[in-house]
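Chemist: Structure of the sequence below:
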Amino acid sequence: MKPLGSGDPVVVGSFRILGVLGGGGMGRVYLGESRSGRRVAIKVIRSELAEDSTFRRRFAREIAAIRTVSPLFTASVVEADADADSPWVATTYIEGPTLSELVSTSGKLASGAVLTLAAGLADALASIHRAGLVHRDIKPSNVIINDLGPHVIDFGIALTVDSSNLTTSLLLGTPSYIAPEIIKGADPSPASDVFSLGSTLAFAATGRHLVSEGTVHAQILRMTMARFDLAAVPRELKPLIVRCLSPRPKDRPTADELAQIVMGSGVVPAAPGWFARPDVAPPVSVPPPPITLGGQRAVSRRGVLIGGALVGAAAVGAAVGAAAAVFRPPTTFQAAMRETAATPTSTPPPSPAPVPRRPGSILWQARSGTDTVVGPAGGNRVVVTGKTIVGAHAGEVYAMDPAGTPLWHTPLPTGVVTLRPWGDAVLVTDAATAWLLRLADGTEVFNAKLADLELVKSTAEGQDSPPEIGAIAVGSDWAFVGLGTAVIAIDRTGAQKWRASRGDGPPIGSPLAAHGTWLLTQDPMPAAASTGTPAATKYRLGLRVAGTGMRRWIVDYTPTPFTPPAGGPPGGPQGAPPVGGPGGPPPGGPPGNDEAWQRHEAVFGTTQVVVRDAAEVRAFNLADRGQLWVSTSPMPVAGLEVVGGLVLVAADKILTYSLPNGNPRWQAAFRGARMIGTPDGKAVVVASESTVVAIDTNGSKLWETALPPSVADIAAVDRVMLGNGEVYVILKPRDGGQPLDVDVVALSLT
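Modeler: Below is the predicted model of the structure:
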């Protein structure tokens, strides 16, 4: 306790003020004494907050609610005045050190004492939540320890309507006790209190905060990524603490459920000196979080949490149908999560029956763990190749197998990165650097600071700003990187194969498409406008030999501008090719807006290359740059593919044209689709709003499979990939919604 200062009151209400206990973002806390000598803790709110009438009303409501909280493990309200010039609330004064002080002076608690602490805090939180309150500030300095058990103090009341919960929490303490969703802007909730409780238990068990090194900003970033160290948490407590610290709020137990779990483990009740006991806690049996489908619980949490036992997993597996592997970015938290899973506390359930493999059957589903599957500059945050799913999250690249088992993770000294598969490796890039990581183990093949190399050349050419990595095209042997001033080709060791700059003849352009023989580049060339007419945009295509960079030809053209109506135009295209094969009349235009509608892309055929600019498709002869044909769709186009002498265009339906002459062939009613040709060139796999279908080059349907109901209504298809006889459908939230519980679905191709 500190002595009173010149600005501190000497009397609050009927209480005499003895000293200062502490303070925070809401005001100061004093030690008060009643007329009969009873001691109380009095929080006096700052005057600037008191000027807000909305604040006063909320303050009064929350004091009334706090009066309903059980006083067994909390400081009960003795008296309060929400109408005073400086509103205040007096609660019972509890003698004893805070948990923070106790650990600082005596060291970490034994695991048996931590379990007793968990029981008391869970009971306290359950009582708070039943009163309709959220504490908002559970942390070691707000837990007082005495012989009767732990006591929760300093409710997070008196938040103004427009105040920042994050700012308030940071003023009061370390980011280690702030739930990730609060940092991201969500409102405090009972689940965020449980997260704070879990981090408090981790502190008691280890004597360390979850994060402590670096700036506050760095600590906040680590908390949002769940990159905190739980290695020192005793094994017997780890399942309990890991569940409380789950990054997703719905994966955490409620306070009531937590109390049931702890009490079911045989916890020793609080008794004099309980916090100094050296005993080891019994292993705590903690159920896994309930499996969710598309944001909805597949089973109720109550159905899984029965007496703290690990039950019901087999029934959940049967309800899901296929193996639903949910995976998040590998971190030290995830390592602890895997460790708890590897230490069963009860008889494991029988393994689900294997999924029968037939063309189109769903083999597995997974959550990649990235914040978004779509990356900048044409790259991606999730790629699937062979039997490996590779994801990127905040500078960390990681891999898992189809069952959801983590394989490896590689931290990179950067922020947002994008991924592109390249043979038996994955090419990772940010704005300046390229890495090649092996798919087998994540080891680094090369690390090339491409922008730094180009900076020397571009400065000599009068370029003021440093170049950044732009468009990238990956061929079989080389990757082609656009750097603004030049395009460079690198091989699988990261060595530069060749460089072509803007000073070398006509503008080099940006890489658009590549394969083993050719590189196609594209460069916008603003054209002069006629009087009263906006300038059109010309494009220059350049064809180069992939291995040497030698220019084969260039051609200029002006695509027709296309602006789709908001929400997607109704009806089907006029003058569409005759209907044949699968499907029927188109169901209408694609819903919403799709970034693919304005995309530039190109696909190589044997002797032709097909280029799409938004809704316009044209074919060129590779030998002499001659334009073979052009077709403009009145509907938004989402994708382009060349398969077996056909050009397939995905608009409100799949339209097909003969590659040599552009004659229409057949169409199929799958709107907003993504496509990929099979390796044998005899079929195309199409993933649309709710189905995945394989169609041969004659327009005959080979198989069709509905996407799982859990994702069909909330997900949109981003990409389709192939590998190892399987189809991988990469999903993204529809209309920019929350990350999906499942964003990769694998099907059998054969």
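
Chemist: Domain parsing of this protein, as residue ranges.
Modeler: 11-92, 99-282, 450-527+535-557, 598-620+632-748 (automatic domain parsing).

Chemist: The last one spans what distance, first to last residue?
Modeler: By Cα to Cα, to the nearest Å, the extent of domain 598-620+632-748 from end to end equals 31 Å.

Chemist: swap in the second one?
Modeler: With Cα to Cα as the measure, the ends of domain 99-282 fall 22 Å from one another.

Chemist: And the helix or strand containing Glu704, what does it pack against?
Modeler: Here Glu704 sits within strand 701-706, counting by DSSP states H and E. In terms of contacts (3 or more Cβ pairs under 8 Å, 6 or more residues apart in numbering; DSSP states H and E), strand 701-706 is packed against strand 691-696. (Each C-beta comes from the backbone N, C-alpha and C, glycine too.)

Chemist: What residues of the strand it packs on count as buried?
Modeler: For strand 691-696, the neighbour count (16 or more other Cβ atoms under 10 Å) marks Val692, Val693, Ala694, Ile695 as buried.

Chemist: now, which of those residues sits nearest Gln219?
Modeler: Of all the buried residues of strand 691-696, the one with the least separation from Gln219 (Cβ to Cβ) is Val692, at 42.9 Å.

Chemist: Enumerate every residue touching that closest one.
Modeler: Taking Cβ atoms under 8 Å, 6 or more residues apart in numbering as the criterion, Val692 is in contact with Gly360, Val685, Val686, Glu704, Thr705, Leu707, Val720, Val727, Val729, Val745, Leu747.

Chemist: Quick check on the residues you listed: which are buried?
Modeler: The neighbour-count test (16+ other Cβ under 10 Å) marks Gly360, Val685, Val686, Thr705, Leu707, Val720, Val727, Val729, Val745, Leu747 as buried among the contacts of Val692.

Chemist: out of those residues, which are inside strands?
Modeler: Val685, Val686, Thr705, Val720, Val727, Val729, Val745, Leu747 (DSSP state E).

Chemist: thinking again about what came up before, could the domains of the chain go into CSV alongside distance to Glu444?
Modeler: Compiled in CSV, these are given as follows (distance: least, Cβ to Cβ, whole Å):
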stretch, distance to Glu444
domain 11-92, 45
domain 99-282, 20
domain 450-527+535-557, 10
domain 598-620+632-748, 22
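
Chemist: would you list those domains in TSV and tack on mean pLDDT and distance to Met1?
Modeler: Written out in TSV, the entries for the domains of the chain read as follows (pLDDT from 0 to 100; distance: least, Cβ to Cβ, whole Å):
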stretch	mean pLDDT	distance to Met1
domain 11-92	84	4
domain 99-282	83	12
domain 450-527+535-557	82	57
domain 598-620+632-748	90	46
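
Chemist: Ile389 is nearest to which of those?
Modeler: Each of the domains of the chain was checked against Ile389 via Cβ to Cβ, and the shortest separation belongs to domain 598-620+632-748, namely 6.0 Å.

Chemist: what comes up buried for stretch 733-750?
Modeler: Buried residues in stretch 733-750, defined by neighbour count with 16+ other Cβ under 10 Å: 733-734, 739-749.

Chemist: Then stretch 46-55?
Modeler: Here stretch 46-55 shows Arg46, Leu49, Ala50, Asp52, Phe55 as buried, counting by 16+ other Cβ under 10 Å.

Chemist: Kindly report the same for stretch 382-389.
Modeler: Val382, Val383, Val384, Thr385, Gly386, Thr388, Ile389.

Chemist: quick one: pLDDT of the fifth one?
Modeler: Model confidence at Gly386, given as pLDDT, is 71.

Chemist: Offset the numbering so it begins at 651, please.
Modeler: All set: I'll call the first residue 651, so the last point we hit is now Gly1036.

Chemist: show me the contacts for it.
Modeler: Residues touching Gly1036, when contacts are defined by Cβ under 8 Å, 6+ apart, comprise Leu1089, Gly1373, Asn1374.

Chemist: Sitting in strands, which of those residues do you find?
Modeler: Short answer: those in strands (DSSP E) are Gly1373.

Chemist: top of the contacts of Gly1036 by neighbour count?
Modeler: Looking at the contacts of Gly1036 with neighbours defined as other Cβ atoms under 10 Å, the largest count falls to Leu1089 at 21 neighbours.

Chemist: if I pick that one, what's in contact with it?
Modeler: By Cβ under 8 Å, 6+ apart, the contact set of Leu1089 is Thr1035, Gly1036, Thr1038, Val1040, Ala1049, Asp1074, Ala1075, Val1076.

Chemist: Redo those residues as TSV? Include secondary structure.
Modeler: Conversion of the contacts of Leu1089 to TSV gives the following (DSSP: H, G, I helix; E, B strand; the rest coil):
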residue	secondary structure
Thr1035	strand
Gly1036	coil
Thr1038	strand
Val1040	strand
Ala1049	strand
Asp1074	coil
Ala1075	strand
Val1076	strand
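
Chemist: Might you calculate how far stretch 776-796 sits from the centre of the chain?
Modeler: From the chain centre to the centre of stretch 776-796 is a distance of 29 Å (Cα atoms, centre = their mean, to the nearest Å).

Chemist: How about it, which residues are buried there?
Modeler: Of the residues in stretch 776-796, those buried (16+ other Cβ under 10 Å) are 776-779, 781, 783-795.

Chemist: Look up how far Ala768 lies from the residue nearest to Pro922 when sequence neighbours are not counted.
Modeler: In this structure, Pro922 finds its nearest non-sequential neighbour in Asp797, 4.3 Å apart by Cβ to Cβ, 6 or more residues apart in numbering. Applying Cβ to Cβ, to the nearest Å, one obtains 17 Å for the distance of Asp797 from Ala768.

Chemist: Equivalent analysis for Thr1064, please.
Modeler: Taken as Cβ to Cβ, the spacing of Thr1064 relative to Ala768 amounts to 39 Å.

Chemist: Compare neighbour counts for the two and give me the winner.
Modeler: Relative neighbour count places Ala768 above the other of Thr1064 and Ala768, with 30 against 16, counting by other Cβ under 10 Å.

Chemist: Any idea what Ala1049 is bridged to?
Modeler: Val1040, Trp1058 (DSSP bridges).

Chemist: can you count the residues close to it?
Modeler: Counted by other Cβ under 10 Å, the residues lying close to Ala1049 total 25.

Chemist: Quick check: Ala852 is in a strand.
Modeler: No: the secondary structure assignment for Ala852 gives helix rather than a strand, going by three-state DSSP.

Chemist: Now for Asp731: which residues touch it?
Modeler: Applying Cβ under 8 Å, 6+ apart as the definition, the contact partners of Asp731 turn out to be Gly663, Pro737, Trp738.

Chemist: Not counting residues beside it along the chain, what's closest to the last one?
Modeler: Excluding its sequence neighbours, the residue lying closest to Trp738 (Cβ to Cβ, 6+ apart) is Val694, at 4.6 Å.

Chemist: Tell me if the one you found really is in a helix.
Modeler: No: Val694: not assigned to a helix; according to three-state DSSP it is strand.

Chemist: That one bridge partners, please.
Modeler: Under the criterion DSSP bridges, Val694 forms beta bridges with Arg678, Trp738.

Chemist: Thought Tyr680 was touching it, still the case?
Modeler: Yes: under the contact definition of Cβ atoms under 8 Å, Val694 touches Tyr680, with a separation of 6.7 Å.

Chemist: Need the residues touching each of the two.
Modeler: Looking at what touches both Val694 and Tyr680 (by Cβ under 8 Å, 6+ apart), the common residues are Pro659, Val662.

Chemist: more crowded one of these two?
Modeler: Between Val694 and Tyr680, counted using other Cβ under 10 Å, Tyr680 has the larger neighbour count: 28 against 23.

Chemist: For Ser791, which residues are in contact?
Modeler: Here Ser791 is in contact with Gly672, Thr748, Leu749, Ser750, Glu751, Gly823 (Cβ under 8 Å, 6+ apart).
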